[in-house]
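**Student:** any chance you could fold what I've pasted below:
(2 chains)
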Amino acid sequence: MVSYQAGDLTAFDELYRRLQPGLKRYLLSLTLNAHRAEDLLQETFLQLHRSRHTYAPPRPVEPWAFGVARHVFLMDRRAGARRQRHEADAGEVPPELPVPARDGQVAHRDQLRRAIAELTPERRESLLLHHVWGFSFKEIGGMLGIREGAAKVRAHRAMESLRTLIGPTVSGGGDAR
Amino acid sequence: MPVDDLRLGALRAAIARDPSPVRPRRPARGLGAALAVTAAAALAVLWRAFGLRADYQALGGLWVWIPSAVELLAAAGLLGLALRETIPARRPSLAAVAAAVGAGGALQLAISWASFARSPVTVPAGQEARLWLVCFSLELALALPVALAAVVLVRRGLVGGPWRVAVAGGLGAGLAGDALWRLHCPYSDLAHVLTAHGGAVLTLALLALAGAFVWDRRRLRAWRQAVAR
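**Tutor:** Residues are numbered from 1 along each chain as shown, chains lettered A, B, ... in the order given. This is a model prediction of the structure:
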């Protein structure tokens, strides 16, 4: 990232390789729509480039990049630009929707994925940011503009909701990375 | 060619159009403090022309300078919060912004009340409207350079919540102006202070909100147009 800020555009390829999978899945968890997530992924990397001066080394890159992705998602949602184009996909649960790594009996993963899709957006976001991508609640608070405690409560309530939806097979706590 | 390769190629082409190196932004709190200190330093010269408040002796030097210094620190804190809102993954919580805004407002009230208790100087009868206008307009004028500098810095960032930026930044700039103007204005009766001085601070925050609303509408329109192309 430091090289990229210094003008080394070959560093962009490495940055893309490292960030693309996580950002794609994050945007998918926000949009629940594979096409829209792909479009927003492109916008995110363009915005990362335009906002590269806002990254302050030696802070970790991932929270900053996820924060940019979230900004892109929110701007797009507010602008309402893509809603009509992808209405046909509404209601489908994308098979790539991430689930916490620990709760991984294959037979349960689809059930868990559907349950995660039913969570409120705020709870789903906090849950996945912590249990899939391993961000601390402090980092999540900084990304979402909420208190650390509020991020913790959202994730906890999301876990409680999942237990209600699919029974006691869901285990909680711990980082996935 | 796989879709991912096509997309990466398009990204590379777009990014190559702007390959210039960039310097990372300084931390928000540093910028906030720099804004407040710069405003104080630059405008202290102006104060030499107006002179310090007429009740300086009665109030005491420490009671003149320390509250203004504290108010400037509060202004720096608010401006720093506003700037943090423009850094992805460093956004302050709504609770933090609300607490800072509340504390800033309470601080101005507390300083005004304490100054009146120590040196009660009331506005002369018949001069209320004229002095209200003088204080209101000059305090706004003092706050404007800080506000404009903050706008320049905010626009360089990635604004998540424009309302939080506007409220925190507008109030911060207003407090900076108030901290400086109270070095000259001796009138501490609460009716004058709350309406003229407090009114100027509040007006700046409201102007910032109005500006944020207009700016946000424009950026959403630009976003829609970019997507439609």
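
**Student:** any idea of the pLDDT on the closest residue to residue B:71 other than its chain neighbours?
**Tutor:** Leaving out its chain neighbours, the residue that sits closest to residue B:71 by Cβ to Cβ, 6 or more residues apart in numbering or on different chains is residue B:179, at 3.7 Å. Backbone N, C-alpha and C define where each C-beta goes, glycine included. We have a pLDDT of 90 for residue B:179.

**Student:** now do the same contact list for residue B:179.
**Tutor:** B:40, B:67, B:68, B:69, B:71, B:72, B:75 (Cβ atoms under 8 Å, 6 or more residues apart in numbering or on different chains).

**Student:** and those residues as a markdown table, adding distance to residue A:111 and pLDDT?
**Tutor:** Below are the contacts of residue B:179 laid out as a markdown table (distance: Cβ to Cβ, whole Å; pLDDT from 0 to 100):
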| residue | distance to residue A:111 | pLDDT |
| --- | --- | --- |
| B:40 | 62 | 72 |
| B:67 | 62 | 93 |
| B:68 | 63 | 90 |
| B:69 | 61 | 89 |
| B:71 | 58 | 92 |
| B:72 | 58 | 88 |
| B:75 | 54 | 90 |
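
**Student:** distance check, residue A:26 against chain B.
**Tutor:** Going from residue A:26 to chain B by Cβ to the nearest Cβ, to the nearest Å gives 13 Å.

**Student:** ok, that residue - how many residues close by?
**Tutor:** 27 (other Cβ atoms under 10 Å in any protein chain shown).

**Student:** for residue B:120, same thing?
**Tutor:** 12.

**Student:** same deal with residue B:116?
**Tutor:** Count around residue B:116 with other Cβ under 10 Å applied: 17.

**Student:** ok, residue A:76 touching residue B:223?
**Tutor:** Yes: contact criterion Cβ atoms under 8 Å: residue A:76 and residue B:223 qualify, at 7.3 Å.

**Student:** hmm, back to that, so which of the contacts of residue B:179 wins on neighbours?
**Tutor:** residue B:75 leads the contacts of residue B:179 on contacts (other Cβ under 10 Å) with 32 neighbours.

**Student:** would you map the helices across chain A?
**Tutor:** Counting by DSSP state H, chain A has helices at residues A:2-5, A:10-31, A:34-50, A:61-79, A:106-118, A:121-131, A:137-144, A:148-166.

**Student:** just put these in TSV and tack on mean pLDDT.
**Tutor:** Shown next, in TSV, are the helices of chain A (pLDDT from 0 to 100):
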stretch	mean pLDDT
helix A:2-5	85
helix A:10-31	91
helix A:34-50	92
helix A:61-79	93
helix A:106-118	80
helix A:121-131	93
helix A:137-144	95
helix A:148-166	91
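
**Student:** got TSV for those, with distance to residue B:165 too?
**Tutor:** Below are those laid out as TSV (distance: least, Cβ to Cβ, whole Å):
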stretch	distance to residue B:165
helix A:2-5	24
helix A:10-31	23
helix A:34-50	18
helix A:61-79	13
helix A:106-118	32
helix A:121-131	22
helix A:137-144	16
helix A:148-166	20
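
**Student:** any idea which helix or strand in chain B has the lowest mean pLDDT?
**Tutor:** In chain B, the helix or strand scored least confidently by mean pLDDT, DSSP states H and E is helix B:28-50, which has a mean of 69.

**Student:** wait, what's in contact with the most centrally placed residue in chain B?
**Tutor:** With distances taken as Cα atoms, centre = their mean, residue B:173 lies nearest the centre of chain B, 2.4 Å away. For residue B:173, the contacting residues are B:75, B:79, B:143, B:144, B:146, B:147, B:150, B:204, B:208, by Cβ under 8 Å, 6+ apart.

**Student:** quick one, strands of chain B?
**Tutor:** Counting by DSSP state E, chain B forms no strands at all.

**Student:** which helix in it runs the most residues?
**Tutor:** Assigned via DSSP H, chain B shows its longest helix as helix B:198-228.

**Student:** which residues of chain B fall in helices?
**Tutor:** B:3-16, B:28-50, B:56-59, B:61-84, B:94-118, B:128-155, B:162-181, B:190-192, B:198-228.

**Student:** which residues sit against the first one?
**Tutor:** Think helix B:3-16. Looking at what lies outside helix B:3-16 - Cβ under 8 Å, 6+ apart - the contacts are A:9, A:12, A:13, A:16, A:38, A:41, A:42, A:45, A:46, A:49.

**Student:** give me the residue from chain A nearest chain B.
**Tutor:** Nearest to chain B, among the residues of chain A, is residue A:67, at 3.0 Å (Cβ to the nearest Cβ).

**Student:** from residue A:47, how far out is that residue?
**Tutor:** 10 Å (Cβ to Cβ, to the nearest Å).

**Student:** give me the most central residue, chain A.
**Tutor:** Of all residues in chain A, the one closest to the mean position by Cα atoms, centre = their mean is residue A:26, 2.6 Å from it.

**Student:** and it, what does it touch?
**Tutor:** Counting by Cβ under 8 Å, 6+ apart, residue A:26 has contacts A:66, A:69, A:70, A:128, A:129, A:133.

**Student:** low pLDDT regions in chain B?
**Tutor:** Scanning chain B for pLDDT under 70 picks out B:1-6, B:27-32, B:36, B:38-39, B:42-43, B:45-46, B:228-229.

**Student:** can you give me the neighbour number for the closest residue to chain A within it?
**Tutor:** Of all residues in chain B, residue B:88 sits closest to chain A, at 3.0 Å by Cβ to the nearest Cβ. By the other Cβ under 10 Å criterion, the neighbourhood of residue B:88 contains 24 residues.

**Student:** elements contacting the longest helix of chain B?
**Tutor:** Under the contact criterion of 3 or more Cβ pairs under 8 Å, 6 or more residues apart in numbering or on different chains; DSSP states H and E, helix B:198-228 touches helix A:61-79, helix B:94-118, helix B:128-155, helix B:162-181.

**Student:** thank you kindly, that will do.
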